[in-house]
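Trainee: Sharing a model prediction with you, sequence too.
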Amino acid sequence: MNRKVMRQRRKKRRRILFIFVPLLVIVLASVGYGSYLTYKLANATSNANEELGRGGKSDKREQAVDPSEDHFSVLLAGVDDSSKRGFSANGGYKGVRSDALILATFNRKDKSVKMVSMPRDSKVEIPGRRNTDRIAHAHSYGGMDLTVETVENLFDVPVDYYVKLNFDAFLEIIDALGGVEINVEKEITEQNSKDEAKAIHLEPGVQTLGPEEALAYARTRKLDSDIYRGDRQKQLVEAIIKKSASMESIPKYGTVIETVGDNMATNFTFGNILALFKYSKSIDSIENLKLEGYDDTSTGAYYYELDEASVEEVSEQLKSHLELPGYEYNPDDSTSKSEEESNETP
């Protein structure tokens with residue numbers, strides 16, 4: 001097998017992992033107190049800080065928002081890029097696609113978090129491009145500036161902040177945490193990160209997974225389907241968050257913060273990140289919104305065709321959660337309504 005094919009295979013498997021890494025930024029922000037860790041976090045944030053070309057305010061906002069006072073949104077982006085090439089929001093983006101995109105909204109009233117993941121092959125309109133394209137291509141065309149604009153265009157909601165990370169952080173974070181505890185429901189045999197066949201073998205039962213085992217657990221799809229693989233990924237997310245928040249992990253925060261900081265670009269300031277502390281009790285009960293769609297190969301190329309009704313439904317929920325003008329948020333109501341619709345309800 002030649003090197004090009006091997007690199008392509010590794011990239012394909014790594015895509016699923018980016019959903020985990022950005023969550024660590026929020027977790028560490030919520031527990032990263034103490035003078036030493038505060039210094040580490042402040043230094044990492046300062047080195048990673050980079051504004052978008054638009055400035056500090058979304059074009060869909062009348063004024064900039066403050067996480068300590070307002071509802072806000074964050075776009076979490078994972079790319080298969082190397083920090084050695086000058087990792088930044090828009091530096092060296094050509095040809096570098098986003099391998100994972102997650103939009104999270106935060107409501108300051110009940111400290112709740114909603115999150116929606118956008119499949120990388122989702123067929124969308126990319127501002128400035130003539131034809132529809134995969135959402136992952138937005139980054140290769142215009143870095144985080146165009147990625148943010150594309151997501152705003154898709155859901156018609158403001159993206160206030162972004163966090164961009166690369167794959168290098170994942171294995172290092174799992175290693176720094178000393179592994180994570182997972183209840184493996186089925187026997188799994190997988191390749192390792194070096195493409196060595198059947199190198200990883202997991203028996204059913206509760207066990208601590210190291211970096212290589214976690215990678216195999218997250219990427220395997222031979223057992224069932226992508227839906228179940230997604231469930232395993234969510235299980236791993238929860239395990240990472242739980243381990244990060246445990247007392248035994250506190251001495252490891254410095255290493256984890258450095259790892260994330262070296263592989264991150266964000267327009268969050270240190271003060272913004274500290275404001276996330278109030279969401280720490282909600283971080284393990286995030287509401288995941290599902291974006292429905294179907295596989296489409298009618299053009300000869302593969303796309304994930306988004307269901308328009310599903311996009312609209314997710315958009316309405318995000319608008320409500322952010323309490324954008326004309327919308328209200330009711331935590332006890334599973335459906336979101338605009339103020340106009342609410343007034344029409346008997």
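Mentor: That came through, no problem. Numbers count the residues shown, from 1 in each chain.
Trainee: Without its sequence neighbours, what residue ends up closest to residue 315?
Mentor: With Cβ to Cβ, 6 or more residues apart in numbering as the criterion, residue 315 has its nearest non-adjacent residue at 4.5 Å, and that residue is residue 155. Where C-beta positions appear, they are placed from N, C-alpha and C, glycine not excepted.
Trainee: Pull the number of nearby residues for that neighbour.
Mentor: For residue 155, the count of nearby residues is 23 (other Cβ atoms under 10 Å).
Trainee: Low-confidence ranges, the stretch 1-150 of the chain, go.
Mentor: 1-39, 80-93 (pLDDT under 70).
Trainee: Show me where it has its helices.
Mentor: Remark: helices assigned in the stretch 1-150 of the chain by DSSP state H, counting those that start in this stretch are 3-14, 21-31, 35-48, 137-155.
Trainee: Might you report the residue contacts of the residue nearest to residue 315?
Mentor: 103, 116, 311, 314, 315, 318 (Cβ atoms under 8 Å, 6 or more residues apart in numbering).
Trainee: In terms of pLDDT, where does it sit?
Mentor: Note on residue 155: pLDDT of 98.
Trainee: again with residue 217
Mentor: 84.
Trainee: Let me know whether it touches residue 189 as I believe.
Mentor: No: using Cβ atoms under 8 Å as the test, residue 217 is too far from residue 189 to be in contact (11.5 Å).
Trainee: Quickly list what's touching both of those two.
Mentor: Looking at what touches both residue 217 and residue 189 (by Cβ under 8 Å, 6+ apart), the common residues are residue 202.
Trainee: When these two are compared, which one has more neighbours?
Mentor: Ranked by neighbour count (other Cβ under 10 Å), residue 217 and residue 189 place residue 217 first, with 22 against 14.
Trainee: In which helix or strand does that one reside?
Mentor: helix 211-219 (DSSP states H and E).
Trainee: tell me which strands and helices that helix is in contact with?
Mentor: Applying 3 or more Cβ pairs under 8 Å, 6 or more residues apart in numbering; DSSP states H and E, we find helix 211-219 packed against helix 168-176, strand 180-184, strand 188-190, strand 200-202, helix 226-244.
Trainee: If we use 10 Å, what do you get?
Mentor: With contacts taken as 3 or more Cβ pairs under 10 Å, 6 or more residues apart in numbering; DSSP states H and E, helix 211-219 sits against helix 3-14, helix 168-176, strand 180-184, strand 188-190, strand 200-202, strand 205-209, helix 226-244.
Trainee: what about residue 207, neighbour count?
Mentor: 14.
Trainee: so it touches residue 201, yeah?
Mentor: No: taking Cβ atoms under 10 Å as the definition, residue 207 is not a contact partner of residue 201, at 11.7 Å.
Trainee: what are the pairing partners of the lengthiest strand in the chain, and which direction each?
Mentor: Among the elements of the chain assigned as strand by DSSP state E, the one spanning the most residues is strand 98-107. Next to strand 98-107 in the sheet, as set by DSSP bridges, lie strand 72-79 (antiparallel), strand 112-118 (antiparallel).
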